[in-house]
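A.B. asks: show me how the following folds:
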Amino acid sequence: MKKILINFVLILFAFIIYFLQSNFFNWFTIAGVMPNLFIIYILFIGLFGSRTMALVYSSVCGIILDLLFKERIGVNLIGFVLVAIIATLFDKNFSKDSRITIMFMVMGVTIFFEIITFFMNYILYSMYVEIWSFIKILIIEVIYNIIFTIIIYPLIQKFGYYIENEYKGNKILTKYF
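C.D. replies: Residues are numbered from 1 along each chain as shown. As a prediction, the model looks like this:
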């Protein structure tokens, strides 16, 4: 029952993030750049949830965003799935208690996602994107995502540890036996 409630809340968060990103942040852009809250959302699920949970949520969010916003399907899907895989690797190798560590994770994952989508658009779909404008957009989006993460991380951390306890449990003894 707790897992159903957790998944319901995560789906509700996805809808809230979608409406924030599509409506609210259109008013608050910096040089026409909005934060990509779905990167933070997928990173959060990958850090605190299970690997399958992160892959399912990232692929569903990627498909839905591709269908709603892009004319080419698959760019967000592949980018979000790769972000989910990286987030599960971060979970095993880094601490989630430090805000500085989380800020570097958000920065790295945002840069990785944008570079992947840039190369996919350039190579697969022959879309030309100017390098200098891409770098400017990348820097602004990274700063925007880091600021947003600093603001909401205490809430993410509390809910994340609840998810982690429910999905992963206390498996310390299973490492040794």
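A.B. asks: so where is this protein shaky, pLDDT-wise?
C.D. replies: Confidence mapping of the chain against pLDDT under 70 gives the ranges 170-177.
A.B. asks: any idea which helix is longest in it?
C.D. replies: For the chain, the longest helix by residue count, based on DSSP state H, is helix 131-167.
A.B. asks: so for that one, what gets flagged as buried?
C.D. replies: By neighbour count on 16 or more other CB atoms under 10 Å, the buried set for helix 131-167 is 137-138, 140-142, 144-146, 148-149, 153, 156-157, 159-160, 163-164. C-beta here means a position set from N, CA and C on the backbone, and glycine is covered the same way.
A.B. asks: which residue lies nearest the spatial centre of this protein?
C.D. replies: Ile39 (2.2 Å; CA atoms, centre = their mean).
A.B. asks: quick one: the strands in the protein?
C.D. replies: Using DSSP state E, no strands are assigned anywhere in the chain.
A.B. asks: helices along that one, start to end?
C.D. replies: Applying DSSP H to the chain gives helices spanning 2-22, 37-48, 51-69, 75-93, 99-119, 131-167.
A.B. asks: let me know which of those helices is the nearest to Ala31.
C.D. replies: The closest approach between Ala31 and any of these, judged by CB to CB, belongs to helix 131-167 at 5.9 Å.
A.B. asks: now that closest one against helix 51-69, angle please.
C.D. replies: Helix 131-167 runs at 140 degrees relative to helix 51-69, counting by axes from the mean of the first three to the mean of the last three CA atoms, to 10 degrees.
A.B. asks: ok and helix 131-167 relative to helix 37-48, angle-wise?
C.D. replies: Going by the same axes, to 10 degrees, helix 131-167 makes 40 degrees with helix 37-48.
A.B. asks: tally of neighbours for Leu37?
C.D. replies: 21 (other CB atoms under 10 Å).
A.B. asks: quick one, what contacts it?
C.D. replies: Ile17, Leu20, Gln21, Phe25, Asn145, Phe148 (CB atoms under 8 Å, 6 or more residues apart in numbering).
A.B. asks: mind redoing it with 7 Å?
C.D. replies: Residues touching Leu37, when contacts are defined by CB atoms under 7 Å, 6 or more residues apart in numbering, comprise Ile17, Leu20, Gln21, Phe148.
A.B. asks: then Ile39?
C.D. replies: Counting by CB under 7 Å, 6+ apart, Ile39 makes contact with Val83, Val109, Thr110, Phe113, Asn145.
A.B. asks: same check on Leu65?
C.D. replies: For Leu65, the contact set (CB under 7 Å, 6+ apart) comprises Phe38, Asn76.
A.B. asks: distance-wise, check it relative to Phe113.
C.D. replies: The spacing between Leu65 and Phe113, counted by CB to CB, to the nearest Å, is 12 Å.
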